[in-house]
Structures are given as structure tokens and as C-alpha cells.
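Undergrad: Structure, please.
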Amino acid sequence: MRAATARILDLAAAVAWRQALRRDGATLALTNGCFDVVHAGHVESLERARAEGEALVVLLNSDASVRALKGPDRPIYRQEHRAYMLASLRSVDAVVVFGSQSQSPFGSGDCSTARPDCAAEIAALEPDVYCKSEEYRQTQDPAERAALAACRAMVVWLRRVPGLSTTATVRRMGSVSDGRGYGLPPDPRSMGTAAGGAGCSPALAAAPVAGRSTAGEVRP
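TA: Below is the predicted model:
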């Protein structure tokens, strides 16, 4: 297995890697996000995304794009650290940092209202499968949706692991210093067999895939 740092690629290197996968007949799954404070829910989602292809690339929001999306107090960890943590996971084959704002042919071109998107990276990498948490199904970036449709990627919406989110984690981190004590997230082991049956990771729910389709349409 390559060292974690060797799996952190710029876009040109990632495209060359993707072309090699295609020559070998291997399918590529792709996901994207901020992954600011990596938690068990992220790890579970990445494992599920990796299972949809023979390789997984993660498009990681740059520090500037995280600030644009989340506010001036984020990210908690800078992009070099976030990329290294992701690249260290066994489910992740490559990490590419992105931070453009609708600079792809699929964007609106209106930089005054543009939000960071990875449409150009999707268009360059042409994944076979795109995986994302179901919470983004209704708010998917239009430029990213168009790029996925153009390369005919299959879209897989993944159910969230209950009780785990970066926002909640950041709140709990703040409560350590101010004494408010938000408490720990629920343990799936106490949530019944639907959340953690036999063979499941003790901290994770065995949530099924919510739906899958070609880009632009999601079957219930």
C-alpha cells in the first residue's frame, strides 16, 4: 500500500491515475466534502463509497472554500492535515484538494453568487459512481449535478450514521471549555438491531444505501 502522502494528488496527477484505472478496466467511485473533523460517520460513509467501485477518490474542500461554506471559524484543521487524515484511511485511494467557484463549463459564471464546487474536477476525473450523504440530495450543487450527468456517473445516496456530525462534534468540543456539557452522541448499540446488528462496527449503524441512479435522477 502506498504511503498516505503519496495518495494526496493534484488534479493532473489524479487524471493520469484515473486514466490508468480505466485502461485496467477498474471502476472509480468519487465523493467530496469538507471532512473538517473526521469522525466515525465519515469513516463509515467512505467505506460504503469505496465498496461502490474498485478505487475511491475524495475531493476535499480547500481551507478557503470551507470558510466560504461554513463561516470564518472553520475549518478546524487546515487542508494539509485533513488530506493526510483521509489519505491514511484504507478505504481512500486518492485525495484531491479543490477550491474553485463555478469555473467549469457547467457553472453559472456569476462569481458574485458562486459557491465552491468541484464540477471541474468531476468533469476531469469522469467517475463511474458518485457517492454522497442523502442529506445533500435536495441541495446538490447544480454545476456538480450537470458534470455528473455529462459523464453518466451513477449516483448513490448514503444514509447518515445517526448521532454523528461535524457540527455536533464542534459544539461538544466547545462545551469542554465552557462547562455546558452537550454530552456524547447516542451509542448505536443501545438503538436496537436496526442500528447495530451482529457483525457491525460497535460505534456505527449499518445504514443501507438510500437510492442510486444515473446523475440527475434519484430513485426512492
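
Undergrad: okay, now the residue nearest to residue 33 when sequence neighbours are not counted: neighbour count?
TA: Sequence neighbours aside, residue 61 is the residue nearest to residue 33 in space, at 6.7 Å (criterion: Cβ to Cβ, 6 or more residues apart in numbering). Just so you know, the C-beta spots here come from the backbone N, C-alpha and C atoms, and that holds for glycine as well. Close neighbours of residue 61, defined as other Cβ atoms under 10 Å, add up to 26.

Undergrad: Dihedrals phi and psi, residue 61?
TA: When read as degrees, to the nearest 10, the backbone of residue 61 gives phi -60, psi 130.

Undergrad: I'd say it and residue 96 touch.
TA: No. Contact criterion Cβ atoms under 8 Å: residue 61 and residue 96 do not qualify, at 10.8 Å.

Undergrad: pLDDT weak spots in this structure?
TA: Applying pLDDT under 70 to the chain flags residues 1, 100-114, 162-220.

Undergrad: And the helices in it?
TA: All helices of the chain, identified by DSSP state H, fall at 11-23, 40-50, 63-70, 79-87, 119-125, 142-150, 166-178.

Undergrad: In TSV: these, plus distance to residue 56 and mean neighbour count.
TA: Formatted as TSV, the helices of the chain follow (distance: least, Cβ to Cβ, whole Å; neighbours: other Cβ atoms under 10 Å):
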stretch	distance to residue 56	mean neighbour count
helix 11-23	11	14
helix 40-50	4	21
helix 63-70	21	18
helix 79-87	10	19
helix 119-125	11	22
helix 142-150	16	21
helix 166-178	20	13
